[in-house]
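Novice: Need coordinates for the following:
(2 chains)
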Number of protein chains: 2
Amino acid sequence: MDRMAPQDELVFLPLGGSGEIGMNFNAYGFGAPDDRQWIIVDCGVLFGREGNTPGVDLIMPDIRYLAERRDTVLGIIATHAHEDHIGAIAHLWPSLRCPVYATPFTARLITGKLDEAGLASKVQVKEVPVGGSLTLGPFQLDFISITHSILEPNLLAIRTPLGVVAHTGDWKIDPNPMLGEATNEAALERLGNEGVLALVCDSTNALVPGTSGSEAEIRENLAALIATLKGRVAVTGFASNVARLDSIARAAKAAGRRIALVGRSMQKMVSAARETGYLKDFPTVLDESEVADLPAHKVLYLCTGSQGEPRAALARIADNKHPHVQLGAGDSVIFSSRVIPGNELAIAEIQNKLAARGISLLTATDHHVHVSGHPCRDELAQMYRWIRPKLALPVHGEMRHQMAHAELARTLQVPQAMVPENGQMFRLAPGRPELIDEVPSGRIHMDGRVLVAECEGLAKDRRAMAFAGLLVVSLVVDHKGRIAAPPVVLGEGMPEPVEAAVLKAVEDTLDKNKRSDPDDLAENVRRAARRAAHDAWGKKPVTRVLVSEL
Amino acid sequence: MDRMAPQDELVFLPLGGSGEIGMNFNAYGFGAPDDRQWIIVDCGVLFGREGNTPGVDLIMPDIRYLAERRDTVLGIIATHAHEDHIGAIAHLWPSLRCPVYATPFTARLITGKLDEAGLASKVQVKEVPVGGSLTLGPFQLDFISITHSILEPNLLAIRTPLGVVAHTGDWKIDPNPMLGEATNEAALERLGNEGVLALVCDSTNALVPGTSGSEAEIRENLAALIATLKGRVAVTGFASNVARLDSIARAAKAAGRRIALVGRSMQKMVSAARETGYLKDFPTVLDESEVADLPAHKVLYLCTGSQGEPRAALARIADNKHPHVQLGAGDSVIFSSRVIPGNELAIAEIQNKLAARGISLLTATDHHVHVSGHPCRDELAQMYRWIRPKLALPVHGEMRHQMAHAELARTLQVPQAMVPENGQMFRLAPGRPELIDEVPSGRIHMDGRVLVAECEGLAKDRRAMAFAGLLVVSLVVDHKGRIAAPPVVLGEGMPEPVEAAVLKAVEDTLDKNKRSDPDDLAENVRRAARRAAHDAWGKKPVTRVLVSEL
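Specialist: Below you'll find the model as predicted:
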């Protein structure tokens, strides 16, 4: 009997962004199981947090599965320019070495990042026009304009010989996005009419009823609000929301205020937008120091730092340590932003410092000065009405968002909904979609300048030290293994009396173990030291014994 | 000319709770400056957070100023039994050694804590009846019943020969608190008619418009919601909100469900309430293991852990590691609670684990199942209308809440408003109130079992280790100061190649510094090691050199 030729399959493999809002990384494979070609959609970061991952700035997906087969990776396609979609390209590209595709604004920002990483000359960043198309091996991609809180967000229609997948990236339905393209509803409907295998879709706001609202409302509200303010005004928000920056600039102009951009990413985003043909009417931006000389009511600062980032402009202003920007009683700070979960205390700290100096705080809690960039439940329902997929694959969310999204899809009569986890490989065609494999996945930490797999446990080890310090005992033994010098104890991060108690316990142990083998001795000393610390303090520190041999 | 006798003064001194929501500690002093007698109102804790204060469970005010004059401290009066008002008594009492006064439910809980600390026989806890009075030296105190999210909250009318202060403690205006006394509006009005020097008042919700709502609404809503649920139901919330527990128990009974209390503080609060005469109709509580044998629709668990506390009942249920309580698809968890700022991610983690197992989540975001226990702006305005103080002293808040509260008081025509900071001493009478002194203040950490002043920097040192690990170099020198053994390097919490790079740098330094004095040598080695770590890793770890002398 002849063996049948292995059949082509279309598979979906998320390596990031499922189970977390951040570090989006999704791959699609086409071909026979041993002969797949891959495309990657988005390659983003997640930001580290002191409590969970101390000393880690950025977290990226562990992509070893694709890195090991990088010759079959045809390209990275970025749906849009948010950090959680493009921030890992410069770090992970060296293990992939494939071209990168994006629309002009996104491409401009990716190039900037590659430049900073010294990779600009090595990586091919290929521009796809807004609304354009791209063919990579068996994949034919259409970039369909949608709306989001950044310029040039795209839904990708990914066509293969076995069918079409719609990959939303981040989106909302903003009927009036103020800058850039509107949602190409006609294209979405046409795509739905074609018949779509699967909709891989943003779950961020799947728990939020209704709709997310429009930038148009915010433009109006900011203009009205800023018109009422006396004194200096600072507005902080997400620098990547260029339409918002434009709204603020217009509000400033209408109120007779000149603007200055405070913080590097504000300047970077405005430049990228202008270089790619946006913001043609943006008012002339003054230098921070020029603005400082104007009367208070003639000034508006656009500041980074809405999330309480300690090194951003607003934190320095709140500490009154900014070289050019000083605010005080009678001035106002508008937070035209939401609080990203986990940043509550950092933001509160800055707001408290500002309030203590008599500065008025105007936030999205008390004024309608922010809308989300992600689809609420009515918008999700609309997308399912357009696309009518056979399968819903909710991504870009934590588990509770993905589960609620899948449940919503079921109520919308989508025949099948599966909640993917990072590392799970789903066959989308041929046949009924199913989970077929689990591949290695996980997280990579940017720890200092070094990439370290989370599973190596460095950050976890440091968390243990943050909890109970580090106890070190240094022993000196001669060539016969006898103790040759008094032991030295270091109790880093523990109350002072602990060191003395440990030293005594170590000395007692040495007295009792004079004839031990050095390894046994070290282990006995380690245990005695740890026990003594626990007795004196109530915590068991990580304990290391260093043995110097003469 | 005769010298005038030093004049009696009434002073107010907050040592905790100003600038933070937590660790409330306020003192009132009466007498001539060198001859003051003191009362303390509340003595609470703040909970430590891994990011800011790793390894610290509890944070308490630094009360050295009063400890140094403890013979003049007449007593600690607790307004109510929340941890941020009574949680530090057992820890700080040894440096104060004065009697403690509280109404019966509060006294019962304080006694329980003292018992656990082995102090029950030493501390006099004196019960004041609900609505009762107390005289301590020059202070005559009336306990006026108000409403809050716990049994027996009291506003204190503090009468002195120089005038009256109203100290609210935590409060709201709940027209229908469901359990315990209603707000004694008549007494508040009478107090206002007497003329009040100062209102020292809760600022928690000073940024929130409107009113906080009533437990009565929540009782209705919980009953309606629980009636609709199938499967097992778990409700989590604040154990100290006894009226809420009662509402949940009633809802369970009405829905034909038996209840079990899961978690130690649930059991403790219900016991304390019953022992002091409340909850007379509370249904019989079953044991967790008994309930587990009932059909799913006959079960309701009242669980601790609404704030994502990793060792509480709900966290163990979410991990499917609870010995008796198992939940799964078709079951529901109601969060009848708010998210305390800073706990967002811990709560989300638990919710994600529950959602992943198909458990329905019902929270205050999507169902009206929680009301705050603190006064919103309309309630604050009502309190000012009752009390009509000459001075507003907003406490119990972060700076932005206190500033907004002071601003609100000004709009209500309170003649003077001052925002106190911990350690500031205000003369309230005679004469116009003013800031007259700053005394030592700060925070004390419960670090393991040891109390450590925050300013000693232990937690900060451990944060530094969490960021960049600890680098230890061990050297052995002979009696002439010559290196006598190969150096040993420990790089705890750093990527592996760092140790090797550091060892090489240390060896080079030793080669170059053969004739140095041991102290200089150690310092040179420390610098070289730190630099080498930075070169290899991009971070500068805390670096220690241990020198053993033969």
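Novice: can you list the domain ranges for chain A.
Specialist: A:9-210+A:372-456, A:216-363, A:469-549 (automatic domain parsing).
Novice: JSON lines for those, including distance to B:Asp174 and mean pLDDT?
Specialist: Using the backbone N, CA and C atoms, a C-beta is placed for each residue, glycine as well. Supplementary listing: those in JSON lines, determined by distance: least, Cβ to Cβ, whole Å; pLDDT from 0 to 100:
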{"stretch": "domain A:9-210+A:372-456", "distance to B:Asp174": "28", "mean pLDDT": "97"}
{"stretch": "domain A:216-363", "distance to B:Asp174": "27", "mean pLDDT": "96"}
{"stretch": "domain A:469-549", "distance to B:Asp174": "40", "mean pLDDT": "95"}
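Novice: Make TSV out of these and add mean neighbour count and distance to chain B.
Specialist: Compiled in TSV, the domains of chain A are given as follows (neighbours: other Cβ atoms under 10 Å in any protein chain shown; distance: least, Cβ to the nearest Cβ, whole Å):
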stretch	mean neighbour count	distance to chain B
domain A:9-210+A:372-456	21	3
domain A:216-363	20	4
domain A:469-549	19	3
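Novice: Which of the ones you listed sits closest to B:Gln7?
Specialist: domain A:216-363 (32.5 Å; Cβ to Cβ).
Novice: Just the endpoints, please. Distance across that closest one?
Specialist: Length of domain A:216-363, first residue to last, Cα to Cα, to the nearest Å: 18 Å.
Novice: cool, and stretch A:307-327?
Specialist: Chord length of stretch A:307-327, first to last residue, is 19 Å (Cα to Cα).
Novice: need the domains of chain A in JSON lines with distance to B:Gly17, can you?
Specialist: Shown next, in JSON lines, are the domains of chain A (distance: least, Cβ to Cβ, whole Å):
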{"stretch": "domain A:9-210+A:372-456", "distance to B:Gly17": "24"}
{"stretch": "domain A:216-363", "distance to B:Gly17": "14"}
{"stretch": "domain A:469-549", "distance to B:Gly17": "26"}
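Novice: What strand or helix carries the residue nearest to A:Ile483 when sequence neighbours are not counted?
Specialist: Nearest residue to A:Ile483, sequence neighbours excluded (Cβ to Cβ, 6 or more residues apart in numbering or on different chains): A:Leu510, at 5.5 Å. If you go by DSSP states H and E, A:Leu510 is part of helix A:496-512.
Novice: Give the other helices and strands that that helix contacts.
Specialist: strand A:470-477, strand A:488-492, helix A:518-537 (3 or more Cβ pairs under 8 Å, 6 or more residues apart in numbering or on different chains; DSSP states H and E).
Novice: my read: the residue nearest to A:Ile483 touches A:Ala485, true?
Specialist: No - counting by Cβ atoms under 8 Å, A:Leu510 does not reach A:Ala485; the two are 10.8 Å apart.
Novice: Verify the stated contact: A:Phe426 with A:Leu10.
Specialist: No - A:Phe426 is beyond contact range of A:Leu10, at 9.4 Å (criterion: Cβ under 8 Å).
Novice: hmm, who's touching the helix or strand hosting A:Arg244?
Specialist: Using DSSP H and E, A:Arg244 sits within helix A:242-254. Contacts with helix A:242-254, where a contact means Cβ atoms under 8 Å, 6 or more residues apart in numbering or on different chains, come from A:149-151, A:177-180, A:215, A:218-219, A:222-223, A:225-227, A:233, A:235, A:237-239, A:258-259, A:266, A:269-270, A:273, A:278-279, A:282-283, A:300, A:302, A:336.
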